[in-house]
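Enquirer: My questions concern the predicted model and sequence given below.
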Amino acid sequence: MPYAGDMKAILHGYSGGQGGAAAVRDVLTGDYNLSGKIAETYPLKYEDLSSEPYYPGLDGSCGAYRSIIIGYRYFYTKI
């Protein structure tokens, strides 16, 4: 998301189900204030990912590098 620095906020309204549109409306109109956390992490650029040094691997392969510092733990400790 190269434009993220130009925005005051980014609202990602996917997988909202039947009430999703009404929920997005409430957020955009100020009737509801978001204060929760989502389960996904969205890096600002590819280089921010912990797997970036390993992909693509040699000859189109990729290694499985396992560590406790992956996912959100990586972002909390490294960025």
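Expert: On my side now, so go ahead.

Enquirer: Now that we're looking at P2, what pLDDT does it have?
Expert: Listed pLDDT for P2 reads 80.

Enquirer: what do you get for T29?
Expert: 93.

Enquirer: Which helix runs longest in the protein?
Expert: Identified as the longest helix of the chain according to DSSP state H is helix 20-29.

Enquirer: mind checking the end-to-end distance for stretch 45-52?
Expert: 10 Å (C-alpha to C-alpha, to the nearest Å).

Enquirer: what about that stretch, distance to the chain center?
Expert: Chain-centre distance of stretch 45-52: 12 Å, with C-alpha atoms, centre = their mean, to the nearest Å.

Enquirer: tell me which residues in that stretch are buried?
Expert: Across stretch 45-52, burial judged by 16 or more other C-beta atoms under 10 Å covers S50. C-beta: built from backbone N, CA, C; applies to glycine.

Enquirer: do you know how far K78 is from A4?
Expert: Relative to A4, K78 is positioned 18 Å away (C-beta to C-beta, to the nearest Å).

Enquirer: In three-state terms, label the residue of the chain most remote from its centre for me.
Expert: Within the chain, the residue lying farthest from the chain centre (C-alpha atoms, centre = their mean) is D59, at 28.9 Å. Secondary structure for D59, judged by DSSP: H, G, I helix; E, B strand; the rest coil, is helix.

Enquirer: Buried residues, the lowest-mean-pLDDT helix or strand in the chain. List them.
Expert: Counting by mean pLDDT, DSSP states H and E, the weakest-scoring helix or strand in the chain turns out to be helix 72-78, with a mean of 79. Residues of helix 72-78 classed as buried by neighbour count (16+ other C-beta under 10 Å): Y74, F75.
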